[in-house]
Every structure is written in structure tokens, then in C-alpha cells.
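**Q** need a 3D model of the sequence below.
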Amino acid sequence: MFRGIAAFLGYSGERLRTRFRLEPPAAFPFQGPEFWLDRDERGLFAFSDRCPHLGCRPLYRKETEEYVCPCHGSRFRRGGEYLSGPAGKSMQRIFVVRQEDGSLSVDVEREVGEEFRV
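**A** Residues are numbered from 1 along each chain as shown. Take a look at the predicted model:
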């Protein structure tokens, strides 16, 4: 496997935007431009699309319901929870709020705890 090439292609660089507004998606998990949206029995939540190890963008594998980082192989459960690899922690949960018109606003720079739901 060409790990050096995967690391180069997987690195995502600096964020271009930090706040996003969107309509609620029809299916989950939903990949936004700088984040993922998902839901569970307690509600809707958002988390960063960056691996906490080196900032690469993990890819979602629907068949196993896992995110796998192409740079160094860290694995995360659906919802961004850490499973294995050099990351050592879950992907960061970020702020999402439902607006009065029903749309969602996501702020990727505003970190929240894992219990936060909309």
C-alpha cells in the first residue's frame, strides 16, 4: 500500500469556511462541506470531518458503518467515536442548531461535548 501517497491525498488543509446553513438531510449520516451530521435515539448531532491525529478526512464505509482515515488507518464508529489507530480519541463534536425556519446551522469552530444533541 502506498501510505505516503494516501497521506498526501488525504490531507485536507485549512478550512475555507466555518459556518454553514442547510436544510435537514433526508438520510444519515450526511456529509457536509466541513462536517458530518448524524442522529441517534437522543437527537441530531454534528462532528468534524477531520481526524484528530493529523487532520486528514476519514471516509465513511457504509457496509461496516465506520469511518476510516486514509492517512494512518484510524477507525471511528458511526457518530465519529474512536475505535482504533493513532488518533487516540473521537472526532470532535461541533455545534449545530435548528433555526426557526427548520434549517440547520453548523459552526465547525464551536466545539461541544459528546452529549450535545438538537
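**Q** which parts of this protein are strands?
**A** Listed in chain order, the strands of the chain (DSSP state E) span residues 19-22, 30-31, 35-40, 43-48, 59-61, 66-68, 75-77, 82-84, 93-98, 104-111.
**Q** count of neighbours near residue 71?
**A** Neighbouring residues of residue 71 were enumerated by other C-beta atoms under 10 Å; the total is 24. C-beta coordinates here come from the backbone N, C-alpha and C atoms, glycine included.
**Q** same question, the one 10 residues further on
**A** Around residue 81 sit 16 other residues, with neighbours defined as other C-beta under 10 Å.
**Q** who's in contact with it?
**A** Remark: with contacts taken as C-beta atoms under 8 Å, 6 or more residues apart in numbering, residue 81 is in contact with 90, 114.
**Q** most tightly surrounded among the strands of the chain?
**A** The densest packing among those, expressed as mean neighbour count by mean count of other C-beta atoms under 10 Å, is seen in strand 43-48 with a mean of 22.
**Q** could you identify which of the strands of the chain has the lowest mean pLDDT?
**A** Mean pLDDT across the strands of the chain is lowest at strand 19-22; the value there is a mean of 84.
**Q** which strands and helices sit next to that one?
**A** Using 3 or more C-beta pairs under 8 Å, 6 or more residues apart in numbering; DSSP states H and E as the contact test, the elements touching strand 19-22 are strand 104-111.
**Q** so what strands line up beside the strand it packs on?
**A** Under the criterion DSSP bridges, strand 104-111 sits next to strand 19-22 (antiparallel), strand 93-98 (antiparallel) in its sheet.
**Q** could I get the ones you listed as JSON lines with distance to residue 62?
**A** Formatted as JSON lines, the entries for these read as follows, by distance: least, C-beta to C-beta, whole Å:
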{"stretch": "strand 19-22", "distance to residue 62": "21"}
{"stretch": "strand 93-98", "distance to residue 62": "21"}
